[in-house]
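*Asks:* based on what follows, work out the 3D shape:
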Amino acid sequence: MTPQQIVALAARLVAIWIAILSFQAVTIARMLQSQSNASVAGSYAVAVVYLVAALLLWCFPMVIAHWLIPRTRYNDVLQLPVQKTVVVACIVLGLTVIAMRALPGLTVYVSIAAFWIAGGQTLFTMDPGRNVDGLVSLLQLVVGLFLVLKAEMLASKILPAASGE
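*Replies:* This is a model prediction of the structure:
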């Protein structure tokens, strides 16, 4: 792989991350919309911007890579097994989603839910925003686990195997 191809791979992985953030922005907008009559167009606009950025990164990774790293004559090739590198990158991204997004959110939600239940209340009487936060964290856990457990399948979709590998 050339340095440009590695940057293009990173651009595609960042595209996945930004797409996850866009879904989170939509969830936040829906929560705000359900709690107040205020306009949430700005929140939806953020989600659209995230989604457009993710699509651009996904569809044009080499353009971005060549913009960031000047073109070469392919004589500075780094010797890495391409498919295995993509698998490792998917696993690292999945672990990052789990560690930095899902687990902190789930920890907070479970802690608050435990105090709520200990006080004799049901989870349905808890603030809807808290339940949405718990659901978002659970969905992030699912996405992170999918990235980790299905890394081989995702790697074959992100970067189809070359005939020489």
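*Asks:* all helices for the chain, in order.
*Replies:* Under the criterion DSSP state H, the chain contains helices at 3-35, 41-59, 61-68, 82-97, 103-118, 128-149, 151-158.
*Asks:* turn the ones you listed into CSV, columns for mean pLDDT and mean neighbour count.
*Replies:* For glycine as for every other residue, the C-beta is placed from the backbone atoms N, C-alpha and C. Below are these laid out as CSV (pLDDT from 0 to 100; neighbours: other Cβ atoms under 10 Å):
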stretch, mean pLDDT, mean neighbour count
helix 3-35, 81, 18
helix 41-59, 87, 15
helix 61-68, 85, 16
helix 82-97, 84, 18
helix 103-118, 83, 14
helix 128-149, 91, 17
helix 151-158, 88, 17
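*Asks:* phi and psi next, for the residue of the chain most remote from its centre.
*Replies:* The centre of the chain is farthest from one residue, residue 120, which by Cα atoms, centre = their mean lies 36.3 Å away. Note on residue 120: backbone dihedrals following degrees, to the nearest 10 are phi 90, psi 10.
*Asks:* also residue 80?
*Replies:* The phi/psi pair for residue 80 (degrees, to the nearest 10) is phi -130, psi 140.
*Asks:* wait, residue 18 sits on residue 53?
*Replies:* Yes - assessed by Cβ atoms under 8 Å, residue 18 is found in contact with residue 53 at 5.4 Å.
*Asks:* identify the contacts common to those two.
*Replies:* Residues touching both residue 18 and residue 53 (Cβ atoms under 8 Å, 6 or more residues apart in numbering): there are none.
*Asks:* shouldn't residue 138 be in contact with residue 101?
*Replies:* No - the pair residue 138 / residue 101 is not scored as a contact, 11.0 Å apart, by Cβ under 8 Å.
*Asks:* OK, contacts around the residue nearest to residue 152 when sequence neighbours are not counted?
*Replies:* The shortest distance from residue 152 to any non-neighbouring residue, by Cβ to Cβ, 6 or more residues apart in numbering, is to residue 87 (5.7 Å). Residues counted as contacts of residue 87 (Cβ under 8 Å, 6+ apart) are 151-152, 155.
*Asks:* not counting its neighbours along the chain, what's nearest residue 146?
*Replies:* Nearest one to residue 146, counting by Cβ to Cβ, 6+ apart, is residue 94 at 7.2 Å.
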